[in-house]
Structure formats: C-alpha cells, structure tokens
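Asker: model this:
(chains A and B)
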Amino acid sequence: MPETKPVLMQGNEACALGAISAGVRFYAGYPITPSTEIAEHMAEKLPDLGGVFIQMEDEIASMAAIIGASIGGMRTLTATSGPGFSLKQENIGYAIMAEIPCVVVNVQRMGPSTGVPTAPAQGDVMQARWGTHGDHPIIVFSPASVYETYYLTIAAVNLSQKLRQPVIILLDEVIGHMREKVLIPEAGKLLVEKASDLVPSDWKPYDEKGLTPLVPFGFGHYYHVTGLFHDQYGFPTGDPPQVERALDRLHHKLEKNRDEIILTNYIGHKEPRVAIVTYGCTVRSARAVVTKAYWQNRLPVGLLSLQTIWPFPAREIEALAKQVDVIIVPEMNMGQIVGEVERYARGQAEVIPLNRYDGEMINPDQIYEQMGRWLS
Amino acid sequence: MENRQEILLTGAGGQGLILASIVLAEAAVNDNKNVVQTQSYGPEARGGASMAGVIIDIDTIEYPEVTRPAVLLCMNQASFNKYLPKIEPGCTVIVDSTFVSGPFHKDYKVQSFPITRMAKEKLGRDVVANMLALGVINAATGIVNRDIFRESIFKLAPRGSGELNQQAFDLGYHLYEEGPGQDVGISVQTPQ
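Answerer: Got it, this is the predicted structure:
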C-alpha cells in the first residue's frame, strides 16, 4: 500500500488533484464562482508538469478547446458553474456524437440564470441529463465529500477515456468550497497506454463491431470527425439503418459497462422500512440522520446514496422499493431525481419528495422530522 | 455527537478570520482529528462581514455546517450583534474589546480581551490579531495540542512571519491566563 498522510483539502482542489493524478494535462476554462479554485489549481500545477492551461474567452470556446485537445491525444478537463454549463451544452453534444473523451465539472450554484453565485443548489440534475439535444447517453457523478470528489474525478477521466464518452461531475458548492481532512494515497506511477499501440491494422474510428480506442490525429490514421450521424469511417450519413445503428452504438457502450459506471452505497438497517435516497452534499445531512436513527436508536431506516446519478441507478431503486414502505428523496431543488425514483419504484413504495430551494443546505432535522412521520 | 465541537469565527473582511479558520483546521488535522472548515464567500468576505466555521470531531463529521457553536469569536461590533442572539447558552463567547463594546446579555457568558490592541502594542502588527485570537481560543478550550498548533502556524504563515505569528499565538495564551481585561471583564449583564 502506498503511504497515506492526512491532509486538509478543499473540494475544488481535490477535483484538480484527482484530474492531474488521472493524467489530465490540458485544462481550458473560463473562471466562475464557485468553481474558480479548480482553474486556479490547474493554472498553478499544469505548466510544471508539461501540461497546458488556457483561460479561454468564454465557456463555449473552453469546451471546444478541450474537445480539440482530446482529439490531439491529451486527457482534458474543464470546470464551470450553471451559467457556463448552459453554454457548453452544444459542444457536449458534439463530443458525445463524435465519441471524444472529456470531463466537464459543474460546481452548481443557485439558478436559474446567474442566480445566487455563492449559494448551493442541486438544480442542474436534469440539465446534466438533457441539457444537450437528441437522445444522447451521459455519465454524471455527484460526490458527497472531498475524498469522493478526488476519486470520482479519477474515475471520470478513466471512464471517459475507456468509453470515448464525455463525463460530467456535478459538484455542490458546499463540497467544492469546504475543506476537510482526507487521506490521499501517494500517487503511483501512471501507466498511460498509447492508443496507437493497441490499434489493429484494420482500425476504424467508429467500428460497427464495437468500441475502438481513439487514435489521436497525427498518429497514422486518417478519419473524419463530425457532429452529423456518420458511418464507421466518420463520414456523414442519413441512411436510416445506419443512423439507428449509430445511436444504438452510443447507448450500448454504456449499458455494457453498467457495473463500472453505476456507483451507489447503502448504509443502515438490513430490513429498512423507511429509506432515504439522495446524492451530493445532501448525503451528508442524510448520513447524520441515519447515524442517529439507526446506529444510536436502532430504527429500521437506511440510506442509499447515489455517486452516479446518470445513467440512473434503476435496478438499485427497484430492489430498494421492494424492501421498504417509504422512500424519502431530499434534494436542494424543486424535485428532479424524485421523478426517476418514483418511476423505478413502480408503485412498490411510497415516494416522498423533500425539497429546499432557498440557497441553504437541507439540515438533518428536516429529514428526521419527515422520517419520524412514517415510523410512528 | 458529544465529541463534535463547532467553532465560529466572525468579524470584518480583512481581519484574517478565514486564514485563522484554515490554520485551526490544519492544526486539528495534524492533531489527528477529523475536521470540516467552511467560510463565507463573495463580496462580504472582502470588506464586509466575514464568517468562518470549523468543526472538529474524533468521529466522522457528517453534516458540514455549524449549527450549535461551542465557541464564538467576534472581532467586530457588527458580527457580535448578528451572531450573539443565534447561539445557545453554554457557548464560550470571546470578543475583541478593541472593537466590541457590548451590550452584554445576561444569558451569555462573554469573555472580552483587547486582542487587536495587544497585537499592535506588544508585537507592533495588528495583522497578527487573528493568531492572537486563536491563542485565546485554544487556551480557553484546549481543542488542539498547543505544540502541534504552534507548528501548524509556522507552516502556514507567510514566509518570514512564522515566528511573529507564533508569538502572537503565545500572547493569546498569556492574555487568557491573565484573565479578561478590566475594561469589560466577564460580563453578565441585563439584555437591552
């Protein structure tokens, strides 16, 4: 085991460090509260590592720059908040369609529009899923601590490379800004496989037979990159069977790797009657509740926290709904994930939303009170 | 839950309270404790009211916000007026008498020290008032081992000012041991 030393670290810093540990050497962005510290740390560290930091003229260009750098063979990341995330959507769709790996961090703040710059909210859940148009697949992580931010960023970079798929990290202002004690393993030697070494001689960029590694431009293969539906060589097509196959291809690669993508965590009673399902910083409030209700008072309650929110952990919710009478879904918005929970609970359990949207965290007492009603 | 200690540092932007909270958090990490540090962001941290919270626990810290502070530090009048009504009895309230003149409520035990004035008179620099305040807090509560705290201050202080900041911290201990200042004293007075 590599030596680990406890350090005090901020969530945004953990995101930057996780990215660097995972081999990210290109950052393009436009600073915005509450994500600015990610850019600051990248600006400080990347040049010494031979990497590139660019402050672009806006968020649209930032997104375009990381896509370009990815095709050039670099591991890339950009960070923003809600208003900038809106601007990035068109190019996120492009990266999904052209199967270009990249990681986009959205440190959420209260919206809509410029909203409240420093107030936390979880209002971008559906935007992360459906912000860009068309029936696209997406992977979205939602960390609940500084440590989770670190390792989910690493997972995001690796998954995006493996699946040639943009991955979004939906960070909460609370997690991004707070400092916390974390144990970060000393970085081991990073083995980056050169895609060009793995490539068969009959390599096609969008092989019909399945996922192929991305060969960066300038490594001996010529291909076409477009946001249009394309054939296996990347050239535009409107042929209905090919279009259908191409869209299936985008979704199948996520379905095939489901177990690696979907991360959830259950704590609490073995046979719970009331369960909480939540994500991001709200997990912290829920954990405080379960600690008190289950560990201290032995009440039949549990907490399913979702590190991955998209693709939605449907199977986990289905299984949970069969066990419990009630699922409480606290979130710092007017109700976004709760609809999905309801959909997959399939009437087996009552699903109760618990919402707060005044720019403050949901506190444990609020959840405890709601839970108490169902336990008596 | 009983091991959880919440410390709320309040005052004006520029008094170094956010840095103080980071130093306190770092010291607690070095003392093998779990820590969460939060702070106010935005324009208020750059001139208006400033607030930073530190939660220290030997158990895992779940909820990261300060709700029931065990220690409240007020470095100016505005923060004293704002935060005093929000705390529960039993909270240790430490105020800088350089800027805070009361009124002191009957329900709260307020200990008043001339923190900034002493930093200026004894050390010639009022910027180290924040470390002096940490000395007073740690002397009053013993949250973090004193030697570990001093080392952490040295590590985090801007280059060349490590010793000065450590002196300020020690002066905080000295102030606490001397007892609250005569000008205000431990005040148990009637609410306004």
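Asker: how about the longest helix seen in chain B: buried residues?
Answerer: Using DSSP state H to define each element, chain B has its longest helix at helix B:162-178. Going by neighbour count (16 or more other CB atoms under 10 Å in any protein chain shown), the buried part of helix B:162-178 is B:162, B:164-173, B:175-176. Yep, even glycine has a C-beta here, placed from its N, CA and C like the rest.
Asker: chain center to it, what's the gap?
Answerer: With CA atoms, centre = their mean, to the nearest Å as the basis, helix B:162-178 stands 13 Å off its chain's centre.
Asker: pull that helix out as CSV, backbone CA atoms only.
Answerer: C-alpha atoms of helix B:162-178 as CSV (Å, rounded to 0.1, in the frame of the first residue of the first chain):
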residue,chain,number,x,y,z
GLY,B,162,6.3,32.3,11.2
GLU,B,163,7.9,33.3,14.5
LEU,B,164,5.9,36.6,14.7
ASN,B,165,2.7,34.6,14.3
GLN,B,166,3.8,32.1,16.9
GLN,B,167,4.5,35.0,19.3
ALA,B,168,1.0,36.3,18.7
PHE,B,169,-0.4,32.8,19.5
ASP,B,170,1.6,32.7,22.7
LEU,B,171,0.5,36.2,23.6
GLY,B,172,-3.1,34.9,23.2
TYR,B,173,-2.4,32.3,25.8
HIS,B,174,-0.8,34.9,28.1
LEU,B,175,-3.9,37.2,27.7
TYR,B,176,-6.2,34.3,28.6
GLU,B,177,-4.2,33.3,31.7
GLU,B,178,-4.1,37.0,32.8
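Asker: contacts for that helix?
Answerer: The list of residues contacting helix B:162-178 from outside it, by CB atoms under 8 Å, 6 or more residues apart in numbering or on different chains, reads B:113-115, B:118-119, B:122-123, B:125, B:128-129, B:131-140, B:146, B:149-150, B:153-155, B:157.
Asker: what's the most distant pair in the buried residues of helix B:162-178?
Answerer: B:G162 and B:Y176 (21.8 Å; CB to CB).
Asker: the chain: helices as residue ranges?
Answerer: Went with chain A since none was named. Per DSSP H, chain A carries helices over the ranges A:11-21, A:36-45, A:59-71, A:82-98, A:125-130, A:146-163, A:173-177, A:195-198, A:240-256, A:258-261, A:282-290, A:314-323, A:337-345, A:364-375.
Asker: oops, I was thinking of chain B
Answerer: Ranges of helices within chain B are B:17-30, B:77-83, B:115-123, B:129-141, B:146-156, B:162-178, based on DSSP H.
Asker: next one: phi and psi at B:E88?
Answerer: phi -100, psi 150 (degrees, to the nearest 10).
Asker: what's around it, how many residues?
Answerer: Close neighbours of B:E88, defined as other CB atoms under 10 Å in any protein chain shown, add up to 11.
Asker: residues of the stretch 201-350 of chain A that sit close to chain B?
Answerer: A:281, A:284-285, A:287-288, A:291-292 (CB under 8 Å from any CB of the partner chain).
Asker: narrow those to those that are buried.
Answerer: Buried by 16+ other CB under 10 Å: A:281, A:284-285, A:287-288, A:291-292, out of these.
Asker: adding pLDDT, write the residues you listed out as a markdown table.
Answerer: As requested, these are exported to a markdown table (pLDDT from 0 to 100):
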| residue | pLDDT |
| --- | --- |
| A:C281 | 96 |
| A:R284 | 96 |
| A:S285 | 96 |
| A:R287 | 96 |
| A:A288 | 95 |
| A:T291 | 91 |
| A:K292 | 90 |
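Asker: returning to that earlier point: export the helices of chain B to a markdown table and tack on mean pLDDT and distance to B:M51?
Answerer: As requested, the helices of chain B are exported to a markdown table (pLDDT from 0 to 100; distance: least, CB to CB, whole Å):
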| stretch | mean pLDDT | distance to B:M51 |
| --- | --- | --- |
| helix B:17-30 | 95 | 7 |
| helix B:77-83 | 89 | 7 |
| helix B:115-123 | 92 | 17 |
| helix B:129-141 | 94 | 14 |
| helix B:146-156 | 95 | 20 |
| helix B:162-178 | 92 | 20 |
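Asker: please convert the ones you listed to a markdown table, extending it with distance to A:G23.
Answerer: Below are those laid out as a markdown table (distance: least, CB to CB, whole Å):
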| stretch | distance to A:G23 |
| --- | --- |
| helix B:17-30 | 28 |
| helix B:77-83 | 45 |
| helix B:115-123 | 47 |
| helix B:129-141 | 39 |
| helix B:146-156 | 30 |
| helix B:162-178 | 36 |
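Asker: pLDDT wise, what is B:E2 at?
Answerer: If you check B:E2, the pLDDT there is 67.
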